[in-house]
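> sequence and predicted model, in that order:
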Amino acid sequence: MTVFAFFLMVLIGLELVETIKMYLDENVFHVEVVVLVAIIAVARKVIVIDYDSVSYEILLSIAALMIALSAGYFLLKRATTPSKSEKFDDDTEHAP
């Protein structure tokens, strides 16, 4: 269990380094990557938490946080990805 927790910590660090690198290269802040790092961090917490010593309020808070982050990521991806009708419109405009 500790090896997997360490692996997730390394993954979080790599994602943060990648975020900083993208910001310095492009001068653009990618919110999707930050939300993904937060989801990985909460998932790591869920994996390593000692369920016997934690109150149900904390568990409910972690669940609500995971739901909120997942919904936020879904909405971000939905807003940045063109819909099928937009893709179809773009394809028909360029047809000879």
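Thanks, I have the structure now.
> what's the spacing between stretch 39-58 and its chain's center?
17 Å (C-alpha atoms, centre = their mean, to the nearest Å).
> got the end-to-end distance for that stretch?
Using C-alpha to C-alpha, to the nearest Å, the end-to-end distance of stretch 39-58 comes out at 17 Å.
> I67 and I39, how far apart?
The spacing between I67 and I39, counted by C-beta to C-beta, to the nearest Å, is 11 Å. Every C-beta, even on glycine, is put in place using the N, C-alpha and C of the backbone.
> more neighbours: those two, which one.
More crowded of I67 and I39, by other C-beta atoms under 10 Å: I39, with 16 against 10.
> leaving out the residues flanking it, which one is nearest to that one?
Counting by C-beta to C-beta, 6 or more residues apart in numbering, L69 is the residue found nearest to I39 once chain neighbours are left out, at 5.0 Å.
> show me what counts as buried in the helix or strand harbouring that neighbour.
Using DSSP states H and E, the element containing L69 is helix 56-80. Residues I62, L65, M66, L69, Y73, L76 are the ones in helix 56-80 that count as buried (16 or more other C-beta atoms under 10 Å).
> now do the helices in the chain.
2-26, 31-48, 56-80, 84-93 (DSSP state H).
> for the first one, which outside residues touch it?
The set of residues external to helix 2-26 that reach it, using C-beta atoms under 8 Å, 6 or more residues apart in numbering, is 28-30, 33-34, 36-37, 40-41, 43-44, 47-48.
> any idea how far A63 is from L16?
Counting by C-beta to C-beta - A63 and L16 are separated by 24 Å.
> state the distance from the spatially most central residue of the chain to E15.
Relative to the mean C-alpha position of the chain, the nearest C-alpha, by C-alpha atoms, centre = their mean, is the one of L36, at 1.6 Å. Per C-beta to C-beta, L36 is found 7 Å from E15.
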